[in-house]
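*Asks:* from the sequence below, what's the structure:
(2 chains)
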Amino acid sequence: QQQVKQSPQSLIVQKGGIPIINCAYENTAFDYFPWYQQFPGKGPALLIAIRPDVSEKKEGRFTISFNKSAKQFSLHIMDSQPGDSATYFCAASIGGYQKVTFGIGTKLQVIP
Amino acid sequence: DSGVTQTPKHLITATGQRVTLRCSPRSGDLSVYWYQQSLDQGLQFLIQYYNGEERAKGNILERFSAQQFPDLHSELNLSSLELGDSALYFCASSPTSGTQYFGPGTRLTVL
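*Replies:* Down below sits the predicted model:
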């Protein structure tokens, strides 16, 4: 049972483009939604996170949009660069010390 | 550097064998999580420990077991290894709020 559905699974954009990765969740008890970035051979690293009382959060070129009523959230990468090429995972959890449920991941390639 | 350490970095072994993967969480983090990531696969949650107690279980095989010690480091034991167990195994630790900090992983190759 996939509680966090992520799409697309792969994405190719040109440098400067704005890739968008979408996630949808089922469990309304989720109250914390982090995004992780993973480079090949490395562990995932926290990129940005949001709570459901906020509709948007920006950190540098990364923006999370959150739609609580639709149970969806998305990651936008502004002015994407080849160095952003990585796999991105959305996730959701309930409170602190709880299991985090990850999406399947999106492999992003930014071509020069 | 996340502050989470994992040893060894690489492990090559044969089918049927048993291995132990070790994880040291960030200072102060009480929760430790184990994940398996196969080639082109997502992160499969295996198990979570909180302050020495098992907190949640995911898709962990019966051949696999884990524990968290009083000093909060954790070990993942994989036994009767099969070719399909070849994967990257990540440990993560967490303070609160669901934010997890991942270690660099252990790459396990079963021949």
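*Asks:* how about residue A:8, what does it touch?
*Replies:* Contact analysis of residue A:8 by Cβ atoms under 8 Å, 6 or more residues apart in numbering or on different chains lists A:21, A:106. From N, CA and C alone the C-beta is placed, and that goes for glycine too.
*Asks:* how many neighbours does residue A:80 have?
*Replies:* Applying other Cβ atoms under 10 Å in any protein chain shown, we find 22 residues neighbouring residue A:80.
*Asks:* what helix or strand is it on?
*Replies:* Taking DSSP states H and E as the definition, residue A:80 sits outside all helices and strands.
*Asks:* and for residue B:2?
*Replies:* Assigned by DSSP H and E, residue B:2 falls within no helix or strand.
*Asks:* can you check residue A:48 too?
*Replies:* Here residue A:48 sits within strand A:45-50, counting by DSSP H and E.
*Asks:* hmm, that strand touching chain B?
*Replies:* Yes - Strand A:45-50 reaches chain B (Cβ under 8 Å from any Cβ of the partner chain) through A:45-46, A:49.
*Asks:* where does pLDDT dip in chain A?
*Replies:* A:1-2, A:95-98 (pLDDT under 70).
*Asks:* hmm, 80 instead?
*Replies:* Where chain A drops to pLDDT under 80, the residues are A:1-2, A:95-99.
*Asks:* who's in contact with residue A:107?
*Replies:* Counting by Cβ under 8 Å, 6+ apart, the residues that residue A:107 touches are A:9-11, A:86-87.
*Asks:* doesn't it lie inside a helix?
*Replies:* No - according to DSSP: H, G, I helix; E, B strand; the rest coil, the state of residue A:107 is strand, so it is not within a helix.
*Asks:* tell me the bridge partners for it.
*Replies:* Beta-bridge partners recorded for residue A:107 (DSSP bridges): residue A:10, residue A:87.
*Asks:* show me where chain A has its helices.
*Replies:* Using DSSP state H, chain A contains no helices.
*Asks:* now residue B:67, which residues is it bridged with?
*Replies:* residue B:75.
*Asks:* tally of neighbours for it?
*Replies:* 14.
*Asks:* picking up where we left off before, who's in contact with the strand holding residue A:48?
*Replies:* Strand A:45-50 has contacts (Cβ under 8 Å, 6+ apart) with A:32-38, A:57, A:59, A:62, A:64, A:66, A:73, A:75, A:88, B:2, B:97-102.
*Asks:* in strands, which of the residues you listed fall?
*Replies:* Secondary structure from DSSP state E places A:33-38, A:57, A:59, A:62, A:64, A:66, A:73, A:75, A:88, B:101-102 of those in strands.
*Asks:* out of these, which end up buried?
*Replies:* By neighbour count, with 16 or more other Cβ atoms under 10 Å in any protein chain shown, these hold A:33-38, A:57, A:62, A:64, A:66, A:73, A:75, A:88, B:101-102 as buried.
*Asks:* what residues does chain B have near chain A?
*Replies:* B:2, B:4, B:30-31, B:33, B:42-43, B:45, B:48, B:50, B:55-56, B:58, B:90, B:92, B:94-105.
*Asks:* and of the buried ones among the ones in strands among the contacts of strand A:45-50, the nearest to residue B:78?
*Replies:* Taking Cβ to Cβ as the measure, residue B:78 sits nearest to residue B:102 out of these, at 18.8 Å.
*Asks:* I appreciate the help and will end here.
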